[in-house]
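Engineer: sequence plus the predicted model coming up.
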Amino acid sequence: MFNTRIRVPETAAAGEAVEIRAMIMHPMDNGFTYSTQGTLIPVNIITDFTCRYLGEVVVQVRLEPGISANPIFTFSLRATESGPVEFEWIDQNGDVTTASADLTVT
Amino acid sequence: MKMQRRTFVASLAALPLAAPALARGAGPRVTVVGAGYGGASFIRTLRRLAPEVEITVIEQTPRFHSCPFSNGVIGGLWDGDRISFEYDGLASTGTRWASGAAVGFDPATREVTLEGGEVVTGDYVLLSPGISLNFAAIDGYSPEAAEAMPHAWQAGSQTGLLRRQLVEMEDGGTVVVAIPRPPFRCPPGPYERISLIAHYLKAAKPASKIIVLDAQDGFSKQGLFEECWAALYPGLIERIPGAESGEVEAVDPATMRVSTAFDDITADVANVIPPQRAGALALDAGLDGGIGWCPVDPVSFESTLAPGVFIIGDAAIMGEMPKSGFSAAQQGSACAAALAARIAGDDPAPRKLINTCYSLAAPDWGFSVADVYAQTADGIAAIRPGGGTTPLGADADTHAAEARYANSWFDTLTSQLWG
C-alpha cells in the first residue's frame, strides 16, 4: 500500500459533472537512472489505475515507465446517484492500493 | 541578445587575465553594487586592509531592510524599525555614494550604468546583488499580484504588507504560505516565518490556520521546527510536502486562490514565495552562464566568466554555504581580503568561513545550526565535525538562551555593518 490523496466533492447535483483528482505517492522508477552508489535502479512502477463509480468502471489507465513520480489523474465524472467513488492502483508486482470516498447526489 | 552576451562573456574568460589599468596617482578604483550584508562587509574590510582604494557604492534602496529578523516583524515580535538601517555610517567610511539604482553592467569594461544615465567605471567590481524573484514560474503571479499576495522575501514594504494583512485578517482565516524548490535565499526562513505567524495567530486569532504548500519534501532544521510546532502550535499548521503535490503552480489574486497540481485553496492571506535566481544585474549581464546562479572562484569569489568582477552573497554559487546574510557577510570580508592581496601583488590565501543560522520558532524558543567551511580549489566544503546543531529535546532554558543569542547576533552584526 502506498500513500494516496483523492479529491471527491462531498455533494453534487444530479447530472452535474464534478472534478475528481487522485494521486499516489510512488517513485515511478523508469529503469534508466542510477543510485548514488552507481548501480542501476530497476524499473519500479504502478502499472494500472482504475476508478469505479457505483461499482462501474469509469476510468481505466495503463501506466508506462515514462510517467513521472507521484502521478496524478484529474478527470470529470457525471454524478447520477449517491454512492461510492473507488480508486485502485496496481503496481508491477500485483500489489494493490485502494482509496474511496462517498459522493452524495442531491 | 542575451545569448550573444553570454557567448561573449564566456569568450572573455578564456583570455589571459590582463592587469586592470590603475588610475595614476591614486589607489585602484573599486565599484561595489549592493550594500547589503555582502557589500557592506566587503566595504568595511577593504577600507581597513587597503585604505588607498577608491570605493564607489551603488545601492538602489534609500535605507537597508534586513531579511534576517524580518520574520519577527511579520509575527509581531517587533516593529519594522528594528530591521531598517541608514546607510550613513557605511557612507561615512570614505566611500563615494552614487545616486540611483544600477540598471546595466558590462562585464568586459566593468562599466555600471545607473538609472539616471551616469556610468561608473572601476578597476574591479564587486557585485552583491542578492536575488531576483522568478514570478513567471508561477502562473498568474507578478509584481502586481504580489501587492495582494506578498512574497515578503525581499524585506521592506512587502514585509509590512504581509504584517498588515495578518493583522486585518478575521479570526478563523486561512493563511497560505507557498515555498519554492531550492535553492532559495535562507533555507530555514520560510519555516521560521510559519512559526512566528503561528505564534501571532495562537494569541490573537486562535481559530485560524496555516496551510503550507511546500515544493520541498524535507527542509532545513525540520526536526527542530516540527518539535516546536507539536509543542506550541498543535493543529494550527498543516503542511503539504512536494511528494504530495505541494508545489504551487498557479495563483489568482482576484479570488485569492492558490493552486497546486492537486489542491486549490482559497486564502485569506497568501504569502507566495516564488522560485529565485541571482540578482537581475548579474543575470542580465550573463554572469550566471545561463544557470540562474553565478559561478565564482571559491577562494577569491572572482567570476569564472568575467575577470575583475567579484560576486558574493545569495547570487553566487558558494558550494555548501547556504544563502544567508551571515554567509554573505563572511564572503564579503574574505573577498575584500582576497582583493587586497591581489592589489598588493600577492595570491589570495584560502580561509575558513563560518555560518550560523539562528531560527526563532517563538520569541523565547530559538535554535541554530552552525558550520565551518573551507575554501578549496574544488569549492567551498563544510568541515565535519566542525559546527553543530541544537539537539532535539533540548530544555526550555536552552531554547531561551538560543533566542537571546539570535537577538545578540543580529544586533551585533547589523551595528558592525551599518552602525
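Structural biologist: Great, that's in hand. All values reported here derive from a predicted model rather than from experimental measurement.
Engineer: switch to C-alpha atoms for all contacts and neighbour counts from now on
Structural biologist: OK.
Engineer: strands of chain A, start to end?
Structural biologist: For chain A, the strands defined by DSSP state E occupy A:4-7, A:11-12, A:17-24, A:46-53, A:56-62, A:72-78, A:83-91, A:96-105.
Engineer: possible to save the ones you listed as CSV with mean pLDDT, distance to chain B and mean neighbour count?
Structural biologist: What follows is the strands of chain A, written out as CSV (pLDDT from 0 to 100; distance: least, C-alpha to the nearest C-alpha, whole Å; neighbours: other C-alpha atoms under 10 Å in any protein chain shown):
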stretch, mean pLDDT, distance to chain B, mean neighbour count
strand A:4-7, 95, 8, 17
strand A:11-12, 97, 17, 16
strand A:17-24, 96, 7, 18
strand A:46-53, 98, 16, 20
strand A:56-62, 97, 18, 13
strand A:72-78, 96, 8, 15
strand A:83-91, 98, 16, 19
strand A:96-105, 97, 15, 17
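Engineer: redo these as TSV? Include distance to B:V32.
Structural biologist: Converted to TSV, the strands of chain A look like this (distance: least, C-alpha to C-alpha, whole Å):
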stretch	distance to B:V32
strand A:4-7	51
strand A:11-12	61
strand A:17-24	50
strand A:46-53	55
strand A:56-62	58
strand A:72-78	48
strand A:83-91	58
strand A:96-105	59
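Engineer: OK, contacts around residue 73?
Structural biologist: Answering for chain A, as no chain was given. A:F73 makes contacts with A:21-23, as judged by C-alpha atoms under 8 Å, 6 or more residues apart in numbering or on different chains.
Engineer: look at chain B instead
Structural biologist: With contacts defined as C-alpha under 8 Å, 6+ apart, B:V73 is in contact with B:79-80, B:159-160, B:163.
Engineer: which one of those is nearest chain A?
Structural biologist: B:R163 (32.6 Å; C-alpha to the nearest C-alpha).
Engineer: which pLDDT value belongs to the residue found closest to A:V43 once you drop the neighbours it is linked to in the chain?
Structural biologist: Spatial nearest neighbour of A:V43, excluding adjacent residues (C-alpha to C-alpha, 6 or more residues apart in numbering or on different chains): A:G31 at 4.2 Å. With respect to pLDDT, A:G31 has a value of 93.
Engineer: how close does A:G31 sit to A:Q37?
Structural biologist: 15 Å (C-alpha to C-alpha, to the nearest Å).
Engineer: these two: which is more packed in?
Structural biologist: A:G31 (14 against 6; other C-alpha atoms under 10 Å in any protein chain shown).
Engineer: still on that earlier bit, in strands, which of the contacts of B:V73 fall?
Structural biologist: If you go by DSSP E, the contacts of B:V73 have nothing in strands.
Engineer: quick check: PyMOL command selecting the buried ones in those.
Structural biologist: Burial among those is assessed by 16 or more other C-alpha atoms under 10 Å in any protein chain shown; the matching PyMOL selection reads:
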select buried, chain B and resi 80+159+160+163
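Engineer: just to be sure, B:L392 is in a strand?
Structural biologist: No. Assessed with DSSP: H, G, I helix; E, B strand; the rest coil, B:L392 is coil; it does not lie in a strand.
Engineer: that one contacts B:L224, correct?
Structural biologist: Yes. Using C-alpha atoms under 8 Å, B:L392 is in contact with B:L224, at 6.1 Å.
Engineer: these two: which is more packed in?
Structural biologist: Applying other C-alpha under 10 Å to B:L392 and B:L224 shows that B:L224 carries more neighbours, namely 20 against 13.
Engineer: pLDDT wise, what is that one at?
Structural biologist: Reported pLDDT for B:L224: 97.
Engineer: ditto for B:G94
Structural biologist: pLDDT, read off for B:G94, is 89.
Engineer: quick one: which helix or strand includes it?
Structural biologist: Assigning secondary structure by DSSP states H and E places B:G94 outside every helix and strand.
Engineer: and for it, the neighbour number?
Structural biologist: 14.
Engineer: list the residues that contact the closest residue in space to A:A22 that isn't next to it in sequence.
Structural biologist: Spatially, and ignoring its direct neighbours in sequence, A:A22 is nearest to A:I6 (4.3 Å; C-alpha to C-alpha, 6+ apart). Residues in contact with A:I6 (C-alpha under 8 Å, 6+ apart) are A:20-23, A:99-100.
Engineer: from the residues you listed, pick the one nearest B:G122.
Structural biologist: Closest approach to B:G122 among the contacts of A:I6 (C-alpha to C-alpha): A:M23, at 56.1 Å.
Engineer: wait, isn't that closest one in contact with A:N70?
Structural biologist: Yes. At 6.5 Å, A:M23 and A:N70 qualify as touching, with contact defined as C-alpha under 8 Å.
Engineer: hey, what's in contact with both of these two?
Structural biologist: Shared contacts of A:M23 and A:N70, counting by C-alpha under 8 Å, 6+ apart, come down to B:E244.
Engineer: all strands for the stretch 1-150 of chain B, in order.
Structural biologist: In the stretch 1-150 of chain B, the strands defined using DSSP state E, counting those that start in this stretch lie at B:29-33, B:54-58, B:64-65, B:84-85, B:96-98, B:102-106, B:111-114, B:119-121, B:124-127, B:131-133.
Engineer: mind checking which of these is nearest B:L305?
Structural biologist: For the strands of the stretch 1-150 of chain B, the distance to B:L305 is smallest for strand B:102-106, at 12.1 Å, taking C-alpha to C-alpha.
Engineer: go through that closest one and flag the buried ones.
Structural biologist: By neighbour count with 16+ other C-alpha under 10 Å, strand B:102-106 contains the buried residues B:102, B:104-106.
Engineer: tell me how many other residues surround A:N3.
Structural biologist: Quick note: A:N3 (other C-alpha under 10 Å) scores 13 neighbours.
Engineer: which phi and psi does it have?
Structural biologist: Backbone torsions of A:N3, given as degrees, to the nearest 10, read phi -70, psi 140.
Engineer: and what of B:G172?
Structural biologist: Taking degrees, to the nearest 10 as the convention, B:G172 sits at phi 100, psi 0.
Engineer: got the contact list for the nearest residue to B:G173 once chain neighbours are set aside?
Structural biologist: What sits nearest to B:G173 in space, not counting adjacent residues and going by C-alpha to C-alpha, 6+ apart, is B:S208, at 4.8 Å. B:S208 is in contact with B:171-175, B:201, B:236, counting by C-alpha under 8 Å, 6+ apart.
Engineer: nice, that's everything, thank you.
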